[in-house]
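Participant: Could you work out the structure for the sequence below:
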Amino acid sequence: MGTTKLISVLLLFLLISSLNATPAGKRNRAQRPCKRLVFYFHDIIYNGKNAKNATSAIVGAPAWANKTILAGQNHFCDLVVFDNPITIDSNLHSTPIGRAQGIYVYDAKQTYSALLGFSFVFNSTKHKGSINLLEQILH
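Facilitator: Numbering: from 1, shown residues only. Down below sits the predicted model:
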């Protein structure tokens with residue numbers, strides 16, 4: 001008899017604990033996970049004349065290279081640092097929702113290849129947080 005009473009109490013407890021405590025008609029709407037992100041980051045590389053508008057610059061290059069243009073066909077040995085605005089459309093002048101900040105290194109002599117390390121830092125009223133990426137681009 002004691003075992004039956006214990007099982008009844010446990011079932012009653014589980015039933016009560018599983019009830020929704022919010023008033024009828026007012027449900028807490030859980031945020032749904034984001035499954036798709038669409039945004040644009042605008043890269044304006046320094047060309048020797050646009051220091052005011054540039055969002056990226058070559059900070060390391062081979063001795064033979066010009067730091068205002070990417071070196072050669074595959075850009076071998078170039079190191080580029082960037083701090084680009086992120087927008088929700090392709091218009092550079094639309095309101096930014098964050099910044100894309102990081103580096104890319106062109107690391108292959110015979111083919112185009114780049115190593116990218118960067119963060120998308122979102123700081124608008126609607127979009128907050130960051131996404132960090134490390135990526136190898138091979139062609």
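
Participant: Please count neighbours and contacts with C-alpha atoms only from this point.
Facilitator: Fine.

Participant: Could you pull out the strands in this structure for me?
Facilitator: Applying DSSP state E to the chain gives strands spanning 40-41, 56-60, 79-87, 98-106, 113-123, 128-138.

Participant: so where's this structure shaky on pLDDT?
Facilitator: 1-29, 71-72 (pLDDT under 70).

Participant: Not counting its own residues, what contacts stretch 116-125?
Facilitator: 96-105, 128-137 (C-alpha atoms under 8 Å, 6 or more residues apart in numbering).

Participant: and with 6 Å instead?
Facilitator: 97-104, 128-135 (C-alpha atoms under 6 Å, 6 or more residues apart in numbering).

Participant: Please indicate which of those are buried?
Facilitator: For these, a neighbour count by 16 or more other C-alpha atoms under 10 Å gives the buried set as 97-104.

Participant: Need the max-distance pair from the contacts of stretch 116-125.
Facilitator: For the contacts of stretch 116-125, the farthest-apart pair by C-alpha to C-alpha is 104 and 128; their separation is 24.3 Å.

Participant: which outside residues touch stretch 76-94?
Facilitator: Residues outside stretch 76-94 that contact it (C-alpha under 6 Å, 6+ apart) are 39-43, 55-62, 96-109.

Participant: Off-centre distance for it?
Facilitator: Put simply, stretch 76-94 sits 12 Å off its chain's centre (C-alpha atoms, centre = their mean, to the nearest Å).

Participant: In that stretch, which residues are buried?
Facilitator: For stretch 76-94, the neighbour count (16+ other C-alpha under 10 Å) marks 76-88 as buried.

Participant: Of these, which is the nearest to residue 47?
Facilitator: Nearest to residue 47 among the buried residues of stretch 76-94, counting by C-alpha to C-alpha, is residue 80 at 12.5 Å.

Participant: Kindly state the beta-bridge partners for that closest one.
Facilitator: Per DSSP bridges, residues listed as beta-bridge partners of residue 80: residue 58, residue 104.

Participant: about what we covered before: in TSV: the buried residues of stretch 76-94, plus distance to residue 118.
Facilitator: Below are these laid out as TSV (distance: C-alpha to C-alpha, whole Å):
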residue	distance to residue 118
76	20
77	18
78	16
79	13
80	11
81	10
82	9
83	9
84	11
85	13
86	13
87	16
88	18
